[in-house]
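1. just need the structure, nothing else, for what follows:
(one chain, ligands or ions: 2)
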Amino acid sequence: MLINADLHLHSRYSMACSDKMELPVMAEEAAKKGIDLVATGDCTHPLWLKAIKEAAIDDQTIVIGKTSFIITTEIEDSNRVHHLLLLPSISKAQELAERLEPYGNLKADGRPTVRLNGCEIARIAKDVDAMIGPCHAFTPWTALYAYHDSLESCYGDMTDYVSFLELGLSADSDYADRIEELHRLTFLSNSDAHSPWANKLAREFNQINVPEISFQGLRKAILRQNGYGVTCNAGFFPQEGKYNESACIKCFTHYTLDECQAAGWKCRACGGVIKKGVKDRINELANFDVPKHPPHRPPYIHLMPLSEIIMTALGHASINTKGVQKAWNSLMEKYGNELNVLLNANTNDMDFLDSRILNAILAFREGKLIIRPGGGGQYGQIEIPRETRRTEKDPQKKSQRSLFDF
Ligand SMILES: [Zn+2]
Ligand SMILES: [Zn+2]
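-> Ligands and ions are numbered 1, 2, ... in the order given. Got it, this is the predicted structure:
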């Protein structure tokens, strides 16, 4: 069966997270977006694990409404590298917490920092039967390639146990497949959402062919056994991410790599620190000038959060205005999920929409939306070109569309 899954989220117990990150809200918002399986996140936090236990049907099954949960956590190691762990059960999450307890304060943050390196965390992951891989692997801090030049430098003799890599918002498969050592890994595109709302939860997700919705089913897919696997990664254009280009973290002035080096990574405009963008980091690490996809690599579909497209079209300042919410809800009720609206649905049936929204959807399909690349911690900005008109009857981006048939 094909499912849509977002495998990296945080609970209300992680730093800088919305207190609306509660299981029932996450379940409801996921269902609205057509997502079948979401991560619990933060499973070593005692209060969150308690909430997971209370919601669970049994040790391995957590289902609320139509939404299933998989037990996960993100752990920061002693080099500040973030690792994503997927776990088979609540009892294994408990075991993981017991193993990590001596090395960090698990109560302080849903995403704990522990005094262990990547190799040691991977060994513990294996002991508790968890899957592990690096999170947002190319971002200029708290990520594998921020501190290491190879998987092995981080995971040592546990490297072979690493089975996936999370691309992060500022990269896609084309970026990552320029690095040869990543070809054997399954790529995951996850939201890393800190709030449950439509522009965050499942802003990136994976379409996965699994035998069943369970940890074991997911494991078969990530390890690509018996013909199962990730069949599509869906997520941001890399330029939408916060760290796509090298830029100052204070005033967000963008720089080329040469300019950064000449300036000693100090902003000429304000003296702030310049953070190396994912684009430049990939260029440094790349074995190939152009992406070389291994045969198992699924397509990557580029998306923009529909609520942000609507917000931009209407000229509103937030996605939580009545106008944005009303349009978004009516589209979800009619078409079930954002992909359907953005790629599949016949726009001739969308006459109920404000024409500005309809034009923006058409502009997206025609590849005419402009993205000003993100950098230095500032997201890329979507712009709708002024001359957008509804020219063709129902233009469809065939290449992207044929991949998804909901
Ligand atoms: Zn992280
Ligand atoms: Zn600056």
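2. can you pull the buried residues of the longest helix belonging to the chain?
-> Of all the elements of type helix in the chain, the one with the most residues (DSSP state H) is helix 322-335. Residues of helix 322-335 classed as buried: 324, 325, 327, 328, 331, 332, 335 (neighbour count, 16 or more other C-beta atoms under 10 Å). All C-beta atoms are positioned from the backbone trio N, CA, C, and that covers glycine.
3. which other helices and strands contact it?
-> helix 306-314 (3 or more C-beta pairs under 8 Å, 6 or more residues apart in numbering; DSSP states H and E).
4. relative to helix 322-335, how tilted is the helix it packs on?
-> Put simply, helix 306-314 runs at 130 degrees to helix 322-335, going by axes from the mean of the first three to the mean of the last three C-alpha atoms, to 10 degrees.
5. from here on, count from 18
-> Sure thing, new numbering starts at 18, so read that last one as helix 323-331.
6. now the spatially most central residue of the chain: closest residue in space, sequence neighbours ignored.
-> For the chain, the residue nearest the mean C-alpha position is residue 207 (2.4 Å; C-alpha atoms, centre = their mean). Nearest residue to residue 207, sequence neighbours excluded (C-beta to C-beta, 6 or more residues apart in numbering): residue 25, at 3.5 Å.
7. still on that earlier bit, how about the residue nearest to the centre of the chain, what does it touch?
-> By C-beta atoms under 8 Å, 6 or more residues apart in numbering, the residues touching residue 207 are 23, 24, 25, 26, 56, 101, 183, 221, 222, 223.
8. report the beta-bridge partners for the residue of the chain found nearest ligand 1.
-> Taking C-beta to the ion, ligand 1 has its nearest neighbour within the chain at residue 99, 3.6 Å off. Applying DSSP bridges to residue 99 gives these bridge partners: residue 93.
9. where does the residue nearest to the centre of the chain land in three-state SS?
-> Classification of residue 207 by DSSP: H, G, I helix; E, B strand; the rest coil places it in coil.
10. ok, now how distant is it from residue 191?
-> Applying C-beta to C-beta, to the nearest Å, the value for residue 207 to residue 191 is 18 Å.
11. can you lay out the buried residues of helix 339-352 as CSV showing pLDDT and distance to residue 128?
-> Converted to CSV, those look like this (pLDDT from 0 to 100; distance: C-beta to C-beta, whole Å):
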residue, pLDDT, distance to residue 128
341, 96, 30
342, 95, 29
344, 96, 34
345, 95, 29
348, 95, 33
349, 92, 30
352, 93, 34
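12. wait, residue 388 sits on residue 253?
-> No: using C-beta atoms under 8 Å as the test, residue 388 is too far from residue 253 to be in contact (9.1 Å).
13. may I have the phi/psi pair for the residue in the stretch 118-267 of the chain that ligand 2 sits nearest to?
-> Residue nearest to ligand 2 within the stretch 118-267 of the chain: residue 265 (3.1 Å; C-beta to the ion). Residue 265 adopts backbone torsions of phi -70, psi 140, taken as degrees, to the nearest 10.
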